[in-house]
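Visitor: prediction below, plus the sequence it came from.
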Amino acid sequence: EAAYAAAEHVGGSIPAFVDMMNARAQEIGCTDTHFENPHGLPNENHVTSAMDMAKITRTALENTAFKTIATTRRYTFSPTSSGEERIRLNHHKMMSGQTYAYDGVLGGKTGYTEAAGNTLVTYAKNDNTYLVAVVMQSVNGAYSDTKALLDYGFNNFSRSKIKGLKKEISRSCLPAEKYLLKDYKDFTLFRRRQNAYVSLPQGTDVSQLSTSYSMTKNLAGLPLLTITYSYNGHEVGTARYYPKNSISDLLL
């Protein structure tokens, strides 16, 4: 019911909001996801994959409010008319102080339906490496499977910063253009807001990466320049450049 209320408020109607969800999923690179409702309860056409859930989680964590909620272990609601406080605990049992605590787990989301079985999305950090682990229809136990995934990821991969990346991308005018243009100086087209990192097998030289460039439109209708870094045919990181005078990050 809360999801329906939010969908109607944001999208104007539930179908319109679901369309927004599907468009956003495609925008961030999901290839196996199709939404039919805003809450995730079973529908034969409402599907996703572990890879897509990792992409969705990674994108959601860029939202400060979502990240704060997902990584909060305990929250106390102020007393209501009954005069009692209400305490809510994060159900993710791998967070610090919980039954299956794992060093570095910051939070995530649990889930269960009879149709989907036990599912678990986990967000963890070790040194400068961040991992998102996704377990679906777990047989051995979602927490033990997640521990195995995190152990493998942290033991075999590391995160490296892309060096020498330009902060801004500018357009350069030819000297002769000063006679034709009122403002012939260089001007900034795109600006990078964050450092770019790649996740690679330990010991891999960054010089072995291949790069590709793409231009797309974000939700604000403005162009977004993305540099994609790949290793052995697998995407390992991206650098994003936004228009100089773009709107809030929440719209990008």
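Guide: Received, thanks.

Visitor: which residue, other than its chain neighbours, is closest to Thr48?
Guide: Distance criterion Cβ to Cβ, 6 or more residues apart in numbering; nearest residue to Thr48, sequence neighbours excluded, is Thr33 at 4.3 Å. Quick note: C-beta positions are derived from backbone N, CA and C, even for glycine.

Visitor: oh, that last question was meant for Gly11, not what I typed.
Guide: Using Cβ to Cβ, 6+ apart and skipping the chain neighbours, the partner closest in space to Gly11 is Phe17 (2.9 Å).

Visitor: how many neighbours does the one you found have?
Guide: By the measure other Cβ atoms under 10 Å, the count of residues near Phe17 is 21.

Visitor: now it, what's its secondary structure?
Guide: Secondary structure, DSSP: H, G, I helix; E, B strand; the rest coil: Phe17 is helix.

Visitor: what does Glu8 give?
Guide: From three-state DSSP, the assignment for Glu8 is helix.

Visitor: tally of neighbours for it?
Guide: Look at Glu8: counted by other Cβ under 10 Å, it has 14 neighbours.

Visitor: does it touch Ala2 like I think?
Guide: No: assessed by Cβ atoms under 8 Å, Glu8 is found out of contact with Ala2, at 11.0 Å.

Visitor: returning to that earlier point: list the contacts for the residue nearest to Gly11?
Guide: 6-8, 10-11, 38 (Cβ atoms under 8 Å, 6 or more residues apart in numbering).

Visitor: and what of Tyr123?
Guide: Going by Cβ under 8 Å, 6+ apart, Tyr123 touches 57, 61, 70-71, 105-108, 130-132.

Visitor: ok, Glu114 next?
Guide: Pro42.

Visitor: run me through the strand neighbours of the one helix or strand Ala239 maps to, direction for each.
Guide: Per DSSP states H and E: Ala239 is located in strand 234-243. Partners of strand 234-243 in the sheet, by DSSP bridges, are strand 187-192 (antiparallel), strand 223-231 (antiparallel).

Visitor: what residues sit buried inside that strand?
Guide: 236-243 (16 or more other Cβ atoms under 10 Å).

Visitor: and what of stretch 101-109?
Guide: Quick answer for stretch 101-109 (16+ other Cβ under 10 Å): 102, 104-109.

Visitor: picking up where we left off before, name the nearest of the buried residues of strand 234-243 relative to Ala25.
Guide: Using Cβ to Cβ, Thr238 comes nearest to Ala25 of the buried residues of strand 234-243, at 16.9 Å.

Visitor: list the contacts of the closest one.
Guide: 196, 226-229.

Visitor: output the below-cut-off pLDDT ranges for this protein.
Guide: Across the chain, the ranges flagged by pLDDT under 70 are 171-188, 218-222, 244-252.

Visitor: show me where it has its strands.
Guide: Ranges of strands in the chain, per DSSP state E, are 74-77, 86-89, 105-113, 117-126, 129-135, 157-161, 168-171, 187-192, 197-201, 210-217, 223-231, 234-243.

Visitor: just the buried subset of the contacts of Thr238, please.
Guide: The neighbour-count test (16+ other Cβ under 10 Å) marks 196, 227-229 as buried among these.

Visitor: what two of the residues you listed are the furthest from one another?
Guide: Using Cβ to Cβ, the buried ones among the contacts of Thr238 reach their maximum pairwise distance at Ala196 and Thr228, which is 10.3 Å.
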